[in-house]
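*Asks:* Pasting the sequence and the predicted model now:
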Amino acid sequence: MAVLWLVLGPWVVVVVAAVLAHPWVRRRVLPWLRPSRRAVVGIASTAVALTGVVLVVPDGWLPMPPGPGRWVTPAYVGRPVPARPLGEPAVQPGPLGDSPEVDSGWWGLERCGRLAVDGEQRLVATCRSRSGQRLHVIDPDSLDPRAGKDLDPGECDATDPVVAGELAVVGVGRTLLSVATADGAGEPDVTTVRSVDLADVLPEDDCVVAVLPTGEGGSWFASAGGRVGLAPGEGEVSTLDLGAEIANPLGRAPDGDAYVVTVESLHRVGARSGVAAEVWRAAYERGSGTKPGQLTAGTGSAPVPLDGERVAITDNANPRMHVVVLDATTGGEVCRTEVFDDDRSATETDLVALGADVLVANTWGWGGWARTLLGRVPPGGLSRVAVGPDSCRVAWTAEVSTPGSPAVSDRTGLVYAASKRHSWWGATAWYLTALDARTGRLAFGVRTGLGGLQDARSGVTLTPDGAAYVATRGGIVSVRDR
């Protein structure tokens, strides 16, 4: 039955259980299927041995275990495409679907957040397990950790790292850490370069939820309780109380300023005479509360700068959310447009800039396990919103169901999303899906794995060598052209 489960999917278990529940089968067949004591001991010993191997073998050394449905889900859809750069210079590559090779590293019960890339193309991530949290530097080829540092954020979650070159900044409770991801010889390493204690400016029950390097040795930070602050390279830390909860990453504004979004409004903050100061604020529609799949009753997107001195967020309006575009200098609204369907639109992912336009993913419904059980998927949707001088419109919407942020390659002209496909066979099949950025049409999709361990809510990360990486519930997956 195990083989049938692997190749045909989980409905095999349901069908077998239904058959075995019939009285005639229980009377006539079950007695012949009862295993002997020796068989029970053998099965138990094998299970214990496999568990021991998983616990002893280092993270990333084993591929992720197979899930059910290999024969009933396509391994590849679409076809390879030529690169069609979106402009000049085009610097960010990505797979083109040419005999794509999928590799994975199994990390057991340790789950990593959004992957960042350092100056040596190594992956950097904050990963969580039952034993605690750890910052890892990860080999991009073997997918195993090469260096790491235990983090102690208390009752909080440490933030995903923001990396510039070989320096990563991460918020750990009420502390800002700046760490080097390489030693003097360029080998993987995690060495604390700077630690800023924020206990004097943040209440005891508050936590850092977002960080953003200033480029001058300092960092912006935001706390769950609604405070945004500046920790300069030299000098004292200053903070502003924005008066509303913060749950999303910060956005980088021109001239070293930062965008921060609360559950009520978008703010631009800047350093004025070395002190954090509000430049402007703009309220948005909050809607009637949290929607399925949302964490807070507000926007689920981080603010993203666009070409032409614009900045975009999503609101939480009913019956449909909007993409809202603001003037980066004044905070005045440029335009807004509805996206996705009535009573089925929300997002908990970062928006992605596409020049002056913006990409938005619909993650409505991803919060409940029942909506993804036995091959089901939420309604989903991935849209490109075209932004004009004073108006917005939806340029295209693709039927892609993804819980994470997409990525765009200006060199290939493709948008990449970690998506789940509906399966009547009940298979949980995950794909790296590539869409034409100009039209939204499917270019190709490659199956990255099967089963619940492949849940990819951290989004897609592209690296300069043309590979795409996804952190999943059970490890890390890479896709590259062969």
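*Replies:* On my side now, so go ahead. Numbers count the residues shown, from 1 in each chain.
*Asks:* Give the buried residues for stretch 184-203.
*Replies:* Pro188, Asp189, Val190, Arg194, Val196, Leu198, Val201, Leu202 (16 or more other CB atoms under 10 Å). The C-beta positions use only the backbone N, C-alpha and C, and glycine is treated the same way.
*Asks:* Could I get the phi/psi values of the last one?
*Replies:* Read it as Leu202. Phi and psi for Leu202, reported as degrees, to the nearest 10, are phi -120, psi 140.
*Asks:* For Gly105, see how far away it is.
*Replies:* 36 Å (CB to CB, to the nearest Å).
*Asks:* now the fifth one
*Replies:* Between Val196 and Gly105 the distance, using CB to CB, works out to 33 Å.
*Asks:* do the same with Asp315
*Replies:* 38 Å.
*Asks:* Sketch out the low-pLDDT regions of the stretch 1-150 of the chain for me.
*Replies:* For the stretch 1-150 of the chain, the stretches with pLDDT under 70 are 1, 19-20, 24-36, 38-43, 45-60.
*Asks:* Which stretches in it count as strands?
*Replies:* 76-78, 100-106, 111-112, 116-117, 123-129, 132-138, 145-151 (DSSP state E, counting those that start in this stretch).
*Asks:* Quick one: the strands in the stretch 301-450 of the chain, in order.
*Replies:* Using DSSP E, counting those that start in this stretch, the strands of the stretch 301-450 of the chain run over 304-306, 310-314, 322-327, 333-338, 352-354, 357-361, 382-387, 392-398, 407-409, 414-421, 429-436, 442-450.
*Asks:* Let's have the ones you listed in CSV, adding mean pLDDT, mean neighbour count and distance to Tyr76.
*Replies:* Shown next, in CSV, are the strands of the stretch 301-450 of the chain (pLDDT from 0 to 100; neighbours: other CB atoms under 10 Å; distance: least, CB to CB, whole Å):
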stretch, mean pLDDT, mean neighbour count, distance to Tyr76
strand 304-306, 96, 19, 31
strand 310-314, 97, 27, 32
strand 322-327, 97, 23, 32
strand 333-338, 97, 18, 34
strand 352-354, 96, 21, 25
strand 357-361, 97, 27, 23
strand 382-387, 97, 23, 20
strand 392-398, 97, 17, 18
strand 407-409, 97, 22, 19
strand 414-421, 96, 26, 12
strand 429-436, 97, 26, 9
strand 442-450, 96, 22, 5
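*Asks:* among those, which is nearest Ser288?
*Replies:* In terms of CB to CB, the element of the strands of the stretch 301-450 of the chain nearest to Ser288 is strand 322-327, at 14.7 Å.
*Asks:* That closest one to strand 382-387, inter-axis angle?
*Replies:* Counting by axes from the mean of the first three to the mean of the last three CA atoms, to 10 degrees, strand 322-327 lies at 30 degrees to strand 382-387.
*Asks:* If you count contacts, what does strand 322-327 end up packed against?
*Replies:* strand 310-314, strand 333-338, strand 357-361, strand 382-387 (3 or more CB pairs under 8 Å, 6 or more residues apart in numbering; DSSP states H and E).
*Asks:* Check which helices and strands the last one sits against.
*Replies:* With contacts defined as 3+ CB pairs under 8 Å, 6+ apart, strand 382-387 has these neighbours: strand 310-314, strand 322-327, strand 333-338, strand 357-361, strand 392-398, strand 414-421.
*Asks:* cool, the second one as well?
*Replies:* Contact here means 3+ CB pairs under 8 Å, 6+ apart; on that basis strand 333-338 packs against strand 322-327, strand 382-387, strand 392-398.
*Asks:* Same check on the first one?
*Replies:* Where contact means 3+ CB pairs under 8 Å, 6+ apart, strand 310-314 is packed against strand 265-272, strand 304-306, strand 322-327, strand 382-387.
*Asks:* and the last one, which strands flank it?
*Replies:* In the sheet containing strand 382-387, the strands it pairs with under DSSP bridges are strand 357-361 (antiparallel), strand 392-398 (antiparallel).
*Asks:* Now render the ones you listed as CSV, adding distance to Gly298.
*Replies:* Converted to CSV, the strands paired with strand 382-387 look like this (distance: least, CB to CB, whole Å):
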stretch, distance to Gly298
strand 357-361, 16
strand 392-398, 20
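*Asks:* re the thing from before, which one among the buried residues of stretch 184-203 gets closest to Ser273?
*Replies:* Val201 (17.7 Å).
*Asks:* Identify the residue spatially nearest to that closest one, adjacent ones excluded.
*Replies:* Thr239 (4.8 Å; CB to CB, 6 or more residues apart in numbering).
*Asks:* With only the CA atoms kept, save the host helix or strand of that neighbour in PDB.
*Replies:* Taking DSSP states H and E as the criterion, Thr239 maps to strand 238-241. Written as PDB, here are the backbone C-alpha positions of strand 238-241 (Å, rounded to 0.1, in the frame of the first residue of the first chain):
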ATOM      1  CA  SER A 238      16.100  57.600  18.700                       C
ATOM      2  CA  THR A 239      12.500  56.300  18.300                       C
ATOM      3  CA  LEU A 240       9.100  57.500  17.300                       C
ATOM      4  CA  ASP A 241       5.800  56.000  18.600                       C
END
